[in-house]
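> Sharing a model that was predicted from the sequence below.
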Amino acid sequence: MSACIFCKIVAGEIPCKKIDEDDDFLAFHDIHPKAPVHALVIPKQHVDTFADADDPAMLGRLMDRVRRVAEKLGVADAGYRVVINVRDGGGQEVYHLHAHILGGKRLPF
Ligand code: AMP
């Protein structure tokens, strides 16, 4: 069994507040939101970090999914931020590739 917390969410072993799902991606609300809207979009297949992702097509589909989730969350028109933290220097805490969607208010830089 994987020790990765996001793999456990994918496997249904840890609950999440699901927003969207298909065969390859899952989107859910961040457990500690840093903005009124704070969602995470992850590939179901485990990849440690953005820097480790060796499938450009998957990264493209991840970004397309981010855009669709932002629309679903109602932040697309007002605007939002997409963040991918990479390794320790980027503040990455969970080593399973994920994109943050932050919105619902005007964000300071
Ligand atoms: P990062 O620092 O980019 O690795 O972000 C990891 C994010 O995952 C943080 O914003 C956490 O609040 C979030 N997180 C950790 N565990 C969970 C969980 N079980 N459900 C939802 N979000 C989580």
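Thanks, I have it.

> Could you list the contact residues of this protein toward the ligand?
Counting by Cβ under 6 Å from any ligand atom, the residues of the chain close to the ligand are 5, 14, 16, 28, 30-32, 40, 85, 91-94. (Each C-beta comes from the backbone N, C-alpha and C, glycine too.)

> redo that, cut-off 5 Å
30-32, 85, 92-94 (Cβ under 5 Å from any ligand atom).

> Save these as a markdown table, and put in secondary structure too.
Shown next, in a markdown table, are these (DSSP: H, G, I helix; E, B strand; the rest coil):
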| residue | secondary structure |
| --- | --- |
| D30 | coil |
| I31 | coil |
| H32 | coil |
| N85 | coil |
| Q92 | coil |
| E93 | coil |
| V94 | coil |
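
> which residues does V41 contact?
20, 25-27, 62, 65-66, 69, 98-99, 101 (Cβ atoms under 8 Å, 6 or more residues apart in numbering).

> filter the residues of the chain next to the ligand to the buried ones?
30, 85, 92 (16 or more other Cβ atoms under 10 Å).

> hang on, the last one packs against V86?
Yes: Q92 is within contact range of V86, at 6.0 Å (criterion: Cβ atoms under 8 Å).

> Scan this structure for its longest strand.
Ranked by residue count, the top strand of the chain under DSSP state E comes out as strand 37-43.

> Relative to that strand, what are the paired strands and their orientations?
strand 25-29 (antiparallel), strand 99-103 (antiparallel) (DSSP bridges).

> name the helices or strands packed onto whichever helix or strand comes after it?
Next in sequence after strand 37-43, counting helices and strands by DSSP states H and E, comes helix 56-73. In this structure, helix 56-73 packs against strand 18-21, strand 25-29, strand 37-43, strand 80-83, strand 99-103, with contacts taken as 3 or more Cβ pairs under 8 Å, 6 or more residues apart in numbering; DSSP states H and E.

> Can you pull the poorly scored residue ranges out of this protein?
Within the chain, the ranges that satisfy pLDDT under 70 run 1.

> one more time with 90, if that's ok
1-2, 109 (pLDDT under 90).
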